[in-house]
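J.: predicted model, plus sequence, below.
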There are 2 protein chains.
Amino acid sequence: MRPSAKKIASLLSQKGYKLTAQRRAVIDVVVNSHEHLAPAALYERVRRTHPAIGLVTVYRTLEMLHELGLICRVHRGEKHGYTLAPSGHHHHLVCTECGTVADFTGCDLEALQQRLSQQTGFKIEGHLLQFLGYCRDCQGGT
Amino acid sequence: MRPSAKKIASLLSQKGYKLTAQRRAVIDVVVNSHEHLAPAALYERVRRTHPAIGLVTVYRTLEMLHELGLICRVHRGEKHGYTLAPSGHHHHLVCTECGTVADFTGCDLEALQQRLSQQTGFKIEGHLLQFLGYCRDCQGGT
DNA sequence: TTATAAATGAAAAACATTTTCAATTAAGTA
DNA sequence: TACTTAATTGAAAATGTTTTTCATTTATAA
């Protein structure tokens, strides 16, 4: 379930963070986008409604949202970006053309993880999984 | 199978790249390390045997090796590094303490991939999978 | 050897991200 | 509503990483 801007805002309040116009603006952009956005791209979008915001504030807000687990990082080659986090364990399917992100659950890696633990002696704490491809809208062109 | 420095060197030659002392030095460091190394870390190690090498050359050599598929990129939070690539499709198990990398094959994601294609309409072209944990040697301490 | 294109290293440029700090402001309190 | 105060902000500087530029050097083939 994708959280709403309102929900995220009230959560920040709860945690003792101040609800500034800048933070609301950043949250709005993240909530209203299904792509993963790099800090600079997000900054550009936020500036449309909030021209005086500083890039630093965008970075700081993203960091805060990330720490609270409200947004998550998407990998794409050398670049990366942030996207809204649904609740619970999930992963991403990313369109390499337009950046659209689809979430999915049920990664079902337990068996593989156990096999690897046994084979290597590693104590496994987590994993990184992401699929890359073309979304429905981007399958036509090159 | 981990390729040897000799094998990599002859492959470069074959492809028309010149075999310089600097390239040999970078390759040696990569081959003789089981950790994933960031460009700067690699540079420091190469400098031990080759003090005059430039950081730029390290970057360029890594890029070249990466393009040829001889090394691959390991993700770890904000940081990343390179490690030797075994032949064929594989993934990494990374120790978050010391950076040691173990390769594994048999990720077995076909079924999941097919399910996601159907559910989302994405045309999936690839995936990113990596396990994180503590290697045998790093499980004791904090 | 020699010729030559490829490769190198230093320096500068280009980016991305973080730090610093004085000014501003949200939110609780009187 | 008007304070108070700590949190937040934005500009500028600092930091760190990666890329570009260009004159010099060098591996390789003739």
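T.: It's in.

J.: pull the CA atoms of the top helix by length along chain A into PDB?
T.: Ordering each helix of chain A by length in residues (DSSP state H) puts helix A:55-67 first. Extracted in PDB, the C-alpha atoms of helix A:55-67 (Å, rounded to 0.1, in the frame of the first residue of the first chain):
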ATOM      1  CA  LEU A  55      19.000  21.700  -2.800                       C
ATOM      2  CA  VAL A  56      20.400  21.100   0.700                       C
ATOM      3  CA  THR A  57      17.000  20.900   2.100                       C
ATOM      4  CA  VAL A  58      16.000  18.300  -0.400                       C
ATOM      5  CA  TYR A  59      19.000  16.200   0.500                       C
ATOM      6  CA  ARG A  60      18.200  16.600   4.200                       C
ATOM      7  CA  THR A  61      14.500  15.700   3.700                       C
ATOM      8  CA  LEU A  62      15.300  12.700   1.600                       C
ATOM      9  CA  GLU A  63      17.800  11.500   4.200                       C
ATOM     10  CA  MET A  64      15.200  11.900   7.000                       C
ATOM     11  CA  LEU A  65      12.500  10.100   5.000                       C
ATOM     12  CA  HIS A  66      15.000   7.300   4.200                       C
ATOM     13  CA  GLU A  67      16.000   6.900   7.800                       C
END
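
J.: which bits of chain A sit near chain B?
T.: Residues of chain A lying near chain B by Cβ under 8 Å from any Cβ of the partner chain: A:75, A:93, A:95-96, A:102, A:104, A:106-108, A:112-113, A:116, A:119-136, A:139. No exception for glycine: its C-beta is placed from N, CA and C like everyone else's.

J.: weed out the non-buried ones from the residues you listed.
T.: For these, a burial check counting by 16 or more other Cβ atoms under 10 Å in any protein chain shown picks out A:75, A:93, A:95, A:102, A:104, A:112-113, A:116, A:120, A:122, A:124, A:127-135.

J.: show me which residues of chain A are close to DNA strand C?
T.: Proximity of chain A to DNA strand C (Cβ under 7 Å from any atom of the strand) is limited to residues A:13, A:18-21, A:38-40, A:55-56, A:59-60, A:63, A:80.

J.: tell me what angle the longest strand along chain A forms with strand B:123-134.
T.: Ordering each strand of chain A by length in residues (DSSP state E) puts strand A:123-134 first. Relative orientation of strand A:123-134 and strand B:123-134, computed by axes from the mean of the first three to the mean of the last three Cα atoms, to 10 degrees: 160 degrees.

J.: partner strands of strand A:123-134, parallel or antiparallel?
T.: Sheet pairing here is set by DSSP bridges, and for strand A:123-134 it gives strand A:91-95 (parallel), strand B:123-134 (antiparallel).

J.: which residues sit against the first one?
T.: The set of residues that contact strand A:91-95 without belonging to it, under Cβ atoms under 8 Å, 6 or more residues apart in numbering or on different chains, is A:36, A:72, A:74, A:76, A:83, A:100-105, A:107, A:129-135, A:138, B:116, B:120, B:122, B:124.

J.: how about stretch A:53-60?
T.: Contacts of stretch A:53-60 (Cβ under 8 Å, 6+ apart): A:22, A:25-26, A:39-40, A:42-43, A:46-47.
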